[in-house]
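Student: got a sequence here, can you build the structure:
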Amino acid sequence: MRRYVAAIDQGTTSSRCIIFDRQGRVVGIAQREHEQIFPRPGWVEHDPEIIWRNTEFVLGEVLRSTGIAADEINAVGVTNQRETTVVWDRASGKPIHHAIVWQDTRTDRLVTELGGEFGATRYQDRTGLPLSTYFAGPKLRWILDNVEGARARAEAGELCFGTIDSWVLWQLTGRHITDVTNASRTMLMDLRTLQWDSRICAEFGVPRSMLPEIRSSSEIYAEIGSGPLAGIPVAGILGDQQAATFGQACLSPGEAKNTYGTGNFMLLNTGTTPVFSKHGLLTTVCYQLGGEAPIYALEGSIAVTGSLVQWFRDNLGIISAADEIEPLARSVEDNGGAYIVPAFSGLFAPRWRPDARGVIAGLTRFVNKAHLARAVLESTAFQTREVMDAMRADAESQQLRLELTTLKVDGGMVGNDLLMQFQSDILDVPVVRPVVNETTALGAAYAAGLAVGLWKSTDDIRANWAADKTWQPAMSATDRETHLAAWNKAVERTYNWVD
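Tutor: Purely as a prediction, here's the structure:
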């Protein structure tokens with residue numbers, strides 16, 4: 001009897017496979033990390049072949065560790081790090097270059113060139129995105145311009161482009177497919193038609209033959225050709241942040257979630273009409289279920305949050321494990337006047353300052369490592385507050401009833417009670433963690449399960465969602481405003497560092 005759905009969660013630091021039952025509970029999990037490659041300052045790469053080998057490994061490992069048979073799996077869903085870009089040979093399946101990761105900034109001059117006289121907003125009315133090193137389209141153009149022979153081979157129809165979902169699906173099924181959520185992160189798709197924009201592709205110098213077929217987020221795409229799950233249909237694809245939104249049951253306009261991972265990503269469901277931001281947010285496809293109308297979202301993307309804890313551990317050596325940061329931060333009452341702005345790759349939403357670089361501001365002889373630990377955690381909460389303010393401003397300016405009264409949270413950092421309490425304090429709204437924290441993989445599982453009838457409708461998803469813990473704001477308005485004013489002064493110190 002088929003009782004389960006498997007989700008492949010290919011993330012920035014690892015590949016995982018998680019099996020869920022019909023109640024949305026985790027039945028089994030397998031995970032394998034991959035190397036972060038830093039060839040030059042600002043460059044971040046992954047080896048796509050290692051990512052695939054790790055993905056193949058965790059598919060088998062999760063079955064071995066749980067004792068679940070392949071014929072008990074209804075379908076497989078895929079979720080992925082979104083803007084990370086792979087180009088491979090159509091005949092051999094071999095990548096022609098390492099994957100260029102979403103954090104990579106090598107295209108900074110190229111995006112200025114692409115903006116021309118129009119600037120960063122040149123394509124925003126069609127794609128919902130400002131020109132930025134963040135997105136996949138400029139990364140693809142860089143590969144075509146800088147890998148020997150790539151452009152000629154692309155124009156001859158010999159090369160395939162994809163975000164990581166396409167790469168994984170190609171390996172699983174031999175099909176060249178993406179979904180609307182991932183396509184919306186390339187800067188090459190028209191948000192209204194959900195098709196590749198021929199004019200933008202031409203201006204980017206991208207041959208259309210390279211691009212995958214765009215499909216909905218929930219439908220049967222193809223069966224897996226070989227390996228431990230051979231014959232099982234792949235039936236759901238969602239970019240990681242959209243998957244987390246779906247898994248958190250943010251299914252009505254005005255509902256929002258925030259994922260605390262390598263970076264932070266807050267998505268606000270805006271319904272069936274794309275809302276184009278005037279305050280530094282991204283307009284993106286949230287999900288599309290089969291032939292139904294697409295659902296859109298406003299997104300605030302923050303580049304460095306969880307990875308700041310990694311930097312504190314690995315680069316500074318102040319802690320030896322990530323979970324040491326909370327007790328260290330709790331050993332002091334506040335940040336001692338220190339603020340850390342982690343603009344390692346510039347600032348993402350809502351400021352979009354590629355010229356910014358990180359600073360530690362407010363240092364005095366009083367500040368010690370515990371104050372810095374607290375400043376690391378608080379940095380995540382301050383950046384989230386900026387995104388929420390931008391969402392509120394967009395809603396107000398466009399007369400939308402999208403007031404956020406509760407924030408659903410997920411991701412690796414939500415087990416940090418000190419951070420979650422400070423987040424609630426600085427937002428002045430309750431913060432709610434669900435019982436099932438694996439919401440990214442769960443969203444992909446839901447998309448796949450809906451396509452094969454394991455779940456009948458999104459009402460089943462709502463019924464499965466349950467709160468685990470809620471943090472209520474306890475900070476005075478005066479203290480909150482004092483913190484925010486100091487944070488803003490610190491952020492302004494990061495500007496104009498890179499010419």
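
Student: quick one, strands of the stretch 151-300 of the chain?
Tutor: 159-163, 177-179, 189-190, 195-196, 213-215, 218-223, 233-239, 256-260, 264-271, 282-287, 295-302 (DSSP state E, counting those that start in this stretch).

Student: for these, give me TSV that also has mean neighbour count, distance to Gly317 and mean pLDDT.
Tutor: Just so you know, the C-beta spots here come from the backbone N, C-alpha and C atoms, and that holds for glycine as well. As requested, the strands of the stretch 151-300 of the chain are exported to TSV (neighbours: other CB atoms under 10 Å; distance: least, CB to CB, whole Å; pLDDT from 0 to 100):
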stretch	mean neighbour count	distance to Gly317	mean pLDDT
strand 159-163	26	34	97
strand 177-179	27	40	97
strand 189-190	23	43	96
strand 195-196	15	47	98
strand 213-215	17	45	97
strand 218-223	19	45	97
strand 233-239	30	34	97
strand 256-260	27	23	91
strand 264-271	25	24	90
strand 282-287	26	35	95
strand 295-302	27	25	92
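
Student: out of the ones you listed, nearest to Val309?
Tutor: strand 256-260 (10.1 Å; CB to CB).

Student: which helices and strands does that closest one pack with?
Tutor: Judged by 3 or more CB pairs under 8 Å, 6 or more residues apart in numbering; DSSP states H and E, strand 256-260 is in contact with helix 240-247, strand 264-271, helix 369-397, strand 407-411, helix 439-452.

Student: with only the CA atoms kept, save it in PDB.
Tutor: Written as PDB, here are the backbone C-alpha positions of strand 256-260 (Å, rounded to 0.1, in the frame of the first residue of the first chain):
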ATOM      1  CA  ALA A 256       3.400  35.000   5.600                       C
ATOM      2  CA  LYS A 257       6.300  32.900   6.700                       C
ATOM      3  CA  ASN A 258      10.000  33.500   7.400                       C
ATOM      4  CA  THR A 259      12.600  30.900   6.800                       C
ATOM      5  CA  TYR A 260      15.900  31.100   8.900                       C
END
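
Student: name every strand pairing with it and say which way it goes.
Tutor: Next to strand 256-260 in the sheet, as set by DSSP bridges, lie strand 264-271 (antiparallel), strand 407-411 (parallel).

Student: tell me what the very next helix or strand once past the shortest one is packed against?
Tutor: As assigned by DSSP states H and E, the chain's next helix or strand after strand 407-411 is helix 417-427. Under the contact definition 3+ CB pairs under 8 Å, 6+ apart, helix 417-427 sits against helix 325-330, helix 369-397, strand 407-411, strand 431-434, strand 467-471, helix 477-492.

Student: pick the most buried one from the ones you listed.
Tutor: Comparing the helices and strands packed on helix 417-427 by mean neighbour count (mean count of other CB atoms under 10 Å), strand 407-411 ranks first with a mean of 25.

Student: for that one, C-alpha coordinates in CSV please.
Tutor: Below are the C-alpha coordinates for strand 407-411, written out as CSV (Å, rounded to 0.1, in the frame of the first residue of the first chain):
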residue,chain,number,x,y,z
LEU,A,407,4.7,35.5,11.6
LYS,A,408,5.1,31.8,11.0
VAL,A,409,8.8,30.7,11.2
ASP,A,410,10.9,27.7,10.2
GLY,A,411,14.4,26.8,9.4
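
Student: separation between Thr478 and Leu194?
Tutor: With the distance defined as CB to CB, to the nearest Å, Thr478 ends up 48 Å from Leu194.

Student: pLDDT score assigned to the most centrally placed residue in the chain?
Tutor: The residue lying closest to the centre of the chain (CA atoms, centre = their mean) is Gln241, at 4.4 Å. Gln241 carries a pLDDT value of 93.

Student: residue contacts, it?
Tutor: Shown in contact with Gln241 (CB atoms under 8 Å, 6 or more residues apart in numbering): Arg82, Thr259, Phe265, Leu267, Glu299, Ser301, Thr440.

Student: want to throw the helices and strands packed on strand 256-260 into TSV with distance to His98?
Tutor: Shown next, in TSV, are the helices and strands packed on strand 256-260 (distance: least, CB to CB, whole Å):
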stretch	distance to His98
helix 240-247	20
strand 264-271	24
helix 369-397	28
strand 407-411	26
helix 439-452	24
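
Student: in the stretch 1-150 of the chain, what spans have low per-residue confidence?
Tutor: 1 (pLDDT under 70).

Student: would you map the strands across it?
Tutor: Using DSSP E, counting those that start in this stretch, strands in the stretch 1-150 of the chain cover 4-10, 14-20, 26-33, 45-46, 73-80, 85-89, 99-100.

Student: out of those, which gets nearest to Asn368?
Tutor: Per CB to CB, nearest to Asn368 of the strands of the stretch 1-150 of the chain: strand 26-33, 31.7 Å.

Student: could I get the buried residue list for the closest one?
Tutor: Val26, Val27, Gly28, Ile29, Ala30, Gln31, Arg32 (16 or more other CB atoms under 10 Å).

Student: those residues: which two are farthest apart?
Tutor: Spanning the widest gap among those are Val27 and Arg32, at 18.7 Å by CB to CB.

Student: ok, now which residue in the chain is the farthest from the centroid?
Tutor: Arg365 (38.0 Å).

Student: looks to me like that one is in a helix.
Tutor: No. With DSSP: H, G, I helix; E, B strand; the rest coil as the criterion, Arg365 is coil rather than part of a helix.

Student: look up phi and psi at it.
Tutor: With angles defined as degrees, to the nearest 10, Arg365 sits at phi -60, psi -20.

Student: brilliant, that's me finished.
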